Each structure stands twice: as structure tokens, then as C-alpha cells.
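Peer 1: pasting a predicted model and its sequence here:
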Amino acid sequence: MNWQRRNLLSRWVGLAIVMGAALLPTIWLLSGGASLNELSRPFWGSVGRSLKQGVMVLGLSVAIGWPFGTVLALVKIPGRRLLFCLMAIPIFTPAFLWAIGLSSFQGFLAYKWRAWFDGFPGAVWASSAQTLPFVVVGSALSALVLPQSLRDSARMASGVRGLFGQAARYNWPAALGAGLFATIFSLSDPGVSQIMGYHSIATEVLIALGAHYDLHLAATKALVWAALLLPVLMFASWFVFTRLKGAFFGRNPQPGLPINPGLARWFVAAGLLTIAAVVVLPSFSGFFRPLFKGGLAEPIRFVGAAVRQAWPTTFGVALVSASVATILGLIGNLLCRRESAMIRWLVLCSFFLLTLPVSLHALGFARILSILPAWMDPVTRGSSVGLGVCLGLKFVSIPILLCLYANNQRSAAQDDTARMHGVPAARYGLKVCLPQILPAITASAVIVAMLSVADVAGALTLQPAGQATLATRLFAILDNASERALAVWSLGFVVLGMVGIGALWIGWDGFQRIAGRRPL
Amino acid sequence: MLWFHGAIATMNNQWSALRNRFRNGFPFLCALALLASCSRANQENRVVVYTSVDDVYSRDIAERFTRQTGVQVLLLTDTEETKSTGLVNRLIAEKDRPQADVFWSGDPARTEVLKRHGVTMAYRSASASPRQLAMGDAEQHFTALSSRLRVLLYNRDLVPPDRVPQSVFDLAKPEFRGRACVANPLFGTTSMHAAALFQLLGEERAREFFASLTSNHVAMLSSNGEVKRRVAAGDYAIGLTDSDDANVALQDGKPVGWVLPDQEGIGTLLIPNAVCLIAGGPHQDNGRKFIDFVLSAEAETLLAESSAVQIPLREGLPTPKFFHRPLNEIRTMKIDYSALADQLEHLSGGFLGEWVSEHTNEAAPRTP
């Protein structure tokens, strides 16, 4: 029997357990029963509007993010890390903060321009700002690993244009996949729609929760939306799956060097910086406007106290969620190996999971925790572990997809050769497979940690009483702290995040150097 | 060259020292963070309070209570912008084995919802005043305390003194066409106000009022906080919000003024806080003590003196100077608070739900 098909049944069961655990909290909310008859006319209207928003957001982010990421990966430009850090800001910034910043930005504009940052255009703008970084990171990471031999042959055949053409042919599935992934995820967040005044599907779920207090109805709406998206999700999973199989045969695993176009690299850098600024600055400028007037000593003191209170919980949540998501993602990958049907299902379930709002997932999780034995409370409900596990399960799609992508870049012939020569599976996994997917593991752990830090919906539902994360502290003072305190808080949040990403990158490069690899 | 090699060697040493420190320190840091977040798990002399009253106000009261009784308060705050995940939903989700002992709500409608879901239990506080009891639940599932009022906020740079609005119906006046805003009437205190209007005016007149808002291009924003921000920034001339928002805007030095609407007509909406004991909460005795404290004259005075400028319900306590007159001289809407939750449920599933959907997308641009 082909070793890839060994223990197939138990692996299917394992996979069902992993994905079942991730989907269980939301499905649990349906236990009280809800009917499709409860879905009103506004619900169906919001479905259409969300689809319209999704198409626009996906189109915009891929149109800008794909070339951006490709250039960032292939050209040696000054300030590349800074650009990456800038583009990563929206990933770890709570969506509501982003939308409020954009809403405040309208104050800078003449009345006739304000409509471009409100309603449908505002929702598209705010959502795109959050999906674009995923496309940039996805396409850049995908182009970065192009082997030097492939780059050389493309350049020899048709110059720099050929290189870009080759890279684009290689990384467009990653760009589109990341765009789809981020768009589906952003549509499930009610913050943007609510603040921009756009009645989307997320608003409908919000109404079920915040106006009806009906968890079953909210879960029904979310699951109906996910079911309506199923054809798109099935296409996406099929698409991602077929591209996953396009591994290079016996390629050099070392990533190639970026090209140096001389003086032109400064123009490229200026162009990319402008795009990044257009994406990031409107929200920023709106939010930091109050900093320009009045003293800062008092707000800084206020924020310092809040950070001291919130950092242990935030750190704990980020750590647990990143660990849980990454471990489960790896388990999912190990169970699938290269079995086509399993990979298809895993990808489909991962996309499906993304369509469900974090708030519902967290409420379902809270309900499950309340029926567990009381002796588990100190860990499950009295610490950041419960929230971390919940967010880890919610974001498990990220390591699953990234690791699947990385794992399938390895040639199948390599696996067969190792097996024929009797290399023990553990040693092969540790020495060959792990180094190859380590960047994906690291990237997914960082992304999950960042998303967990930015999460408000899950944290408010599961954070232990008397504790708070940085995002929920920020949220709690939103209405009644002074504008300056809020601005200092937001700025501190962003700077801390950027410093964190920068430190991680430098650390990762150091690690690569120690391991004798070329840094990214 | 020697100095160069020396520098490189020093850097290498420092790097490996740093790496070792990181190796030793990182797991310790992780354990510390997790322990720090678990550290309160074993303490019994505490009370867990979920509150939708803003953090800046509720924390002061909680700290004062701890100083007086020695009971540690684990506070979990929420704001009206937390609609998706509000504490009410958390309490419903945790109903089988609640973590909270007390829920202190910014309005009585949410406590009524909890009562219907079987989350609360009856408790008649010995420290409650007759008015606090009268404005609370008849079966003592919640007791009312300090109140806010609905106010009309206006931008002084955009509205001349002789054109200051005096009624919520002025939102539909042609002079404010496209220049007025309200928060989403499905959520928070605006939903209570909407339900109160339906109760007082009747279905037909209330629907007409909402239709007039649509035709006058009144913008619907995400929350009262946003109404405050946008009116203060001059994006809109007038907006309907809560008295605490108006006071915070004034304290921030914004060019705004406020009026109590409908003082010659139906009156404005009084929104009392409500506090309730959670059925099956783990520290019920401490919960009762906390409720007693929140209902006391001391807590009501603190809330009145804070920037929330909440009006004490307890007889004999002065109304905050912000309002310029005592509570009994303010005309408030005469409504049945216990019926509001029913009405809200009916309206959000029917007329208001549809109105919000249509108003958001078709009728009113949100920019002046």
C-alpha cells in the first residue's frame, strides 16, 4: 500500500476532530434550535450588500497588493523592512479603531469629499486597508522563495520583465488566496460596517446579538451566510489545492537574491511608500489629530497605567492562541500528508471557519466552558488560557493554509526517496520537513498572535473578570477618556506592534544566519 | 585591524550572551505572564461585577467599595459600542454556571432581558430608597439608581442661539436637513428612547416620526459616543445623545451646547442605572454587599460628582450642577419601564429593524 494512504480512516477521524473542535463553539449555539423563517427581509438585503462589498475589497486588495508584494520581494529597495512593518499595522490594529480613525479623518476633508469615506465606499476602504496587508505578505512571501536558478533563467530569457512575469505567474494564486482569505474574514467583523453605516451581514449578526439577545438567531444567520458562500469557498479550496500541488522538482531550497536596479530602486521605494501611506495614513491622521493640541503628560501616565495592567493578559492570550493554532495546524498537516481528498476538505473547512464571526465563536465557547467541571475554572475561565484557546481555534485556518502551502512545496520524490532508503519518519520530519515549513510556522504564529492582540469581540466574552487585554482596555476607554488619552493609547499600540514585528524580523534573520541560510 | 577584530569578538560575545539570556528568560517570561493572569483565581474574598457603565466611572465606585469592605472587586466593563459581544450575551451564555455575582447595567432594559432569560434573582436591598425601589423591578430582580437623561447636543459654531433645537421632533425640521444625527435605534439608550416614543406616541405617530427622520436625511451613526464626536467636530449641527456624553464634550473644551428636549411637551427620557444579583453566582453574599453599596448615598454622590453627572435617585441628594435644576423640575417621559424590554424586542424584530436597514443604505447620506 502507498504509505501516503496508510491509516487513512484514523487520519480522517483525526482531521474531523481537529476541524470539529474549531467549528464546535458556533454550532453549539444552534443547540436551542433556530429556524430559517426567522430570517427577515433586511437579512437577505444585507447578503447582497456584503457580496458587493466583498467583491470590491477583494478586487482592490489584489490589484494593489499583488504587484506591491511582488516588487517588495524581488527588488532590493531601501527601507524594505519598514515597508513590511507599515503594511502589517492593520493586521494587529483592531478593526473598530481603524474605522473610527477613517471616520475622524473626514474632519480634514471638504464636505463634497466626505462621502468617499463613509457608507459603502468607507466600508470598502476600511476593509481593504485590512485585507491589503495579507495580500502583500502572501504574494511577497510566495515570491521570496523563488529559487535563484529559476530567477536567473527567467532574467536570461527575457530580462527583468521576464523575472516579474515568472514571479507573477508563480505567486498570483497566493495573492488571490490571501485576498480571499482576508476578505472573508473581514466581512465577518461588524465594527467596520457599524461605524461606516453600511448594513452588511455582520450588522445582521450584530442585531441578533445586540438587539435581540438571541444567540441561536445570530448563529443561524452566520451559518446561512457561510452556507451561501459555500460555492465560492469550494471553488477557492479547489483552486488553492491545485496550486498547492505545483511543487518544484528538486529545486534549490535557498531563496534567491533580490535584484538591484540602481538608482531606480529609490523611485520604487518612494512609490511603494506612497501606496503604504495612502492605505495607513488616513486612519492614523484622523486618530492622532488630538495629539497636536494640549499637554501629553497626563494621557501618557494614564496609558502607562493601563498598559501595566493589560500586558500580562495580552501576552498570555497571544502566546496561548499562537501555540494552539500552530500545533493544531501542524497536526492537520501531518494528518493530511499529500492525500488530495483530505487536503481539499481541510482547506474547505478552513475557509468555512473564517466566515464565522469571532463573537459567535467566543459566545459558544463561553457556553461550553460553563458546562465543564468547576475545578477547571481557574485555568479555563480564571486565566488567559480559555481566551487563548478559543482564539487559537478560531484562527487555526492560518497555520493550516500556510503550512499546507509550505509543506507542498517539497517535491514528493524527496519523500519517496527518503522512504526507500529507510530514513526514519521522525528524523526525516525533523531534519527535512520541519526546516522547510519553519518560516510558515513562524509567520502563522506571528499572524495569529497579532490577530489575537487585536481581537475585541472574543476578549470581551472570555477575558477573566478583573483582567483586560490591550485592545479591550482601549475599547473600554473609547467613549469617556479624553481624546488625547485615546490618541496616545492608539499611537502606543501601533508603535509597540511595529517594534514587536521589527524585533521578530531581526530575530528571525539572526536565526537564519546561525542556521547558515540566507535571510529573507 | 585589531580593534576591528576586538569589536567583532565583543559583539559576538554579547550576541551569544543575549541569546543565552533569551533562551533562559523567555520561558520564564511566558510562565510569569500566565501565572500573572491566573494569580487571582484562588482568592475567595471577592465579588465579580459585570458592568456596562463606563470603566472610568464604575472603577472608582469599585475601588471605594474595596477600601471600605476589604472585598476585592473583579470588574469587567463593557461599553455601548460593544454591541456584538455585550456582557448581556456573555451572561446568557454563562447561565449554566455563572462567573458573575452582580450585573450593573447602564439602563434597565438589559436587566429586564436578563430577568426573562432566568439569569437574575430577586434581591431587595435594605439600603435602597423608596424611589430606587419604585423605579426598579416590581419583583425586585433589579433596583434602579443614578440616572442619565437624553439630551440634544448642538455645535455652537453651526447653530445660532435663537435656532437651538428644543425637541426631538426638531431633528426633522427642514433647517436641519442633512445636518442632524442620531445613534442606531436598535442599540443602547437610543433603542430605549425609540421604544419610549412608541409607547408614548403610539405606533402610527412614532412611525411617522421615524419616516420624517429619513426624509430629512438625519444620519444614523454607530453610537452615542460617535454622535458626540461628530457634532463636536462640526460634521453635524445637532445630535441626540446622553447627558454624560454632553458633559464629556464640554469638559474636552468642544464648542458644543446642550438642551433637555421637549420640556414643553412629552419630556425627555430618564435612563436609570439598574443593578441585579446573578442567580447562582459564586459569591452571592459579597454580591449583595456590593449592590447595597452601589445603591447607597455615597455611590450615588460619587456618580453625580463624576464626569458622568448622573442624577441621584435617592431623595435628598442634590442634582449635579450641570443640569441647572433639580430632578423634580425636569419634565421626563411618563413611561412604563418594565414594558420597554417587550417593546424593544417587538420593534427590533419588526419596524425598527427594517427602518435601520433601509435608512442605512437607501435614504440618508451620513455626510452633511
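Peer 2: The structure has been received and is ready for your questions. Residues are numbered from 1 along each chain as shown, chains lettered A, B, ... in the order given.

Peer 1: what's downstream of the worst-scoring helix or strand of chain A on mean pLDDT, the next helix or strand?
Peer 2: For chain A, the helix or strand with the lowest mean confidence is helix A:111-114, at a mean of 70 (criterion: mean pLDDT, DSSP states H and E). Once the chain leaves helix A:111-114, the next helix or strand it forms, by DSSP states H and E, is helix A:119-144.

Peer 1: which other helices and strands does that following helix contact?
Peer 2: With contacts taken as 3 or more CB pairs under 8 Å, 6 or more residues apart in numbering or on different chains; DSSP states H and E, helix A:119-144 sits against helix A:41-74, helix A:80-92, helix A:95-105, helix A:148-187, helix A:190-196, helix A:264-288, helix A:434-454. In this view, the C-beta of every residue, glycine as well, is placed from N, C-alpha and C.

Peer 1: excluding chain neighbours, give the residue nearest to residue A:146 in space.
Peer 2: residue A:256 (5.6 Å; CB to CB, 6 or more residues apart in numbering or on different chains).

Peer 1: quick one, grab the pLDDT at the one you found.
Peer 2: On the pLDDT scale, residue A:256 is placed at 70.

Peer 1: surely it touches residue A:143?
Peer 2: No. Using CB atoms under 8 Å, residue A:256 makes no contact with residue A:143, being 9.5 Å away.

Peer 1: looking at those two, which is more packed in?
Peer 2: residue A:143 (28 against 21; other CB atoms under 10 Å in any protein chain shown).

Peer 1: hang on, isn't the more buried one packed against residue A:171?
Peer 2: Yes. With contact defined as CB under 8 Å, residue A:143 and residue A:171 form a contacting pair (4.6 Å).

Peer 1: got any residues that touch both of those two?
Peer 2: Jointly contacting residue A:143 and residue A:171 under the rule CB atoms under 8 Å, 6 or more residues apart in numbering or on different chains are A:69, A:70, A:73.

Peer 1: which stretches of the stretch 351-500 of chain A have low pLDDT?
Peer 2: For the stretch 351-500 of chain A, applying pLDDT under 70 flags the ranges A:477-482.

Peer 1: residues of it that sit close to chain B?
Peer 2: Residues of the stretch 351-500 of chain A found near chain B (CB under 8 Å from any CB of the partner chain) are A:357, A:359, A:362-364, A:366-367, A:369-371, A:374, A:377-379, A:381-385, A:456-458, A:460-461, A:463-467, A:475-483.

Peer 1: which among these count as buried?
Peer 2: A:357, A:359, A:362-364, A:366-367, A:369-370, A:377, A:379, A:381-385, A:456-458, A:460-461, A:463-467, A:475-483 (16 or more other CB atoms under 10 Å in any protein chain shown).

Peer 1: so of those, which ones are in helices?
Peer 2: A:359, A:362-364, A:366-367, A:369-370, A:377, A:379, A:384-385, A:457-458, A:460-461, A:475-476, A:483 (DSSP state H).

Peer 1: what's the neighbour count on residue A:258?
Peer 2: 19.

Peer 1: quick one: it from residue A:487, how far?
Peer 2: 37 Å (CB to CB, to the nearest Å).

Peer 1: quick revisit: distance to residue B:216 added to the shared contacts of residue A:143 and residue A:171, as a markdown table?
Peer 2: As requested, the shared contacts of residue A:143 and residue A:171 are exported to a markdown table (distance: CB to CB, whole Å):
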| residue | distance to residue B:216 |
| --- | --- |
| A:69 | 47 |
| A:70 | 50 |
| A:73 | 53 |
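
Peer 1: excluding chain neighbours, what is closest to the residue in the stretch 401-520 of chain A that chain B sits nearest to?
Peer 2: Nearest residue of the stretch 401-520 of chain A to chain B: residue A:466, at 3.3 Å (CB to the nearest CB). Excluding the flanking residues, the one nearest residue A:466 by CB to CB, 6+ apart is residue B:74, at 3.3 Å.

Peer 1: so what does the one you found have for phi and psi?
Peer 2: Main-chain dihedrals, residue B:74, degrees, to the nearest 10: phi -100, psi 110.

Peer 1: who touches it in this structure?
Peer 2: Applying CB under 8 Å, 6+ apart, the residues contacting residue B:74 are A:464, A:465, A:466, B:40, B:46, B:47, B:48, B:49.

Peer 1: between those residues, which is nearest residue A:497?
Peer 2: Nearest to residue A:497 among those: residue A:464, at 23.5 Å, using CB to CB.

Peer 1: name the weakest-confidence residue in the shared contacts of residue A:143 and residue A:171, if you would.
Peer 2: The member of the shared contacts of residue A:143 and residue A:171 with the lowest pLDDT is residue A:73, at 85.

Peer 1: surely it meets residue A:256?
Peer 2: No. The pair residue A:73 / residue A:256 is not scored as a contact, 9.6 Å apart, by CB under 8 Å.

Peer 1: overlap in contacts of these two?
Peer 2: residue A:146.

Peer 1: which stretches of the stretch 251-368 of chain B have low pLDDT?
Peer 2: B:360-368.

Peer 1: all helices of it, in order?
Peer 2: Here the stretch 251-368 of chain B has its helices, by DSSP state H, counting those that start in this stretch, at B:284-294, B:297-305, B:337-349, B:351-358.

Peer 1: for the first one, packing partners?
Peer 2: I take that to be helix B:284-294. Partner elements for helix B:284-294 (3+ CB pairs under 8 Å, 6+ apart): strand B:46-51, helix B:55-69, strand B:102-105, strand B:270-278.

Peer 1: now the ones you listed in TSV, with mean neighbour count and distance to residue A:187?
Peer 2: Listed next are those as TSV, based on neighbours: other CB atoms under 10 Å in any protein chain shown; distance: least, CB to CB, whole Å:
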stretch	mean neighbour count	distance to residue A:187
strand B:46-51	25	29
helix B:55-69	19	30
strand B:102-105	27	31
strand B:270-278	27	34
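
Peer 1: where among these is the average confidence lowest?
Peer 2: helix B:55-69 has the lowest average pLDDT among these, namely a mean of 90.

Peer 1: and the contacts of that helix?
Peer 2: A:476-477, A:480-481, B:49, B:51, B:71-73, B:75, B:77, B:79, B:104, B:289-290, B:293-294, B:298-299, B:302-303, B:306-308, B:310.

Peer 1: which among the residues you listed end up buried?
Peer 2: Restricting those to buried positions leaves A:476-477, A:480-481, B:49, B:51, B:71-73, B:75, B:77, B:79, B:104, B:289-290, B:293-294, B:299, B:302-303, B:306-308, B:310, with burial counted as 16+ other CB under 10 Å.

Peer 1: and residue A:504, what does it touch?
Peer 2: residue A:446.

Peer 1: where's it, which helix or strand?
Peer 2: Using DSSP H and E, residue A:504 maps to helix A:483-514.

Peer 1: tell me how far that helix lies from the chain's centre.
Peer 2: 17 Å (CA atoms, centre = their mean, to the nearest Å).
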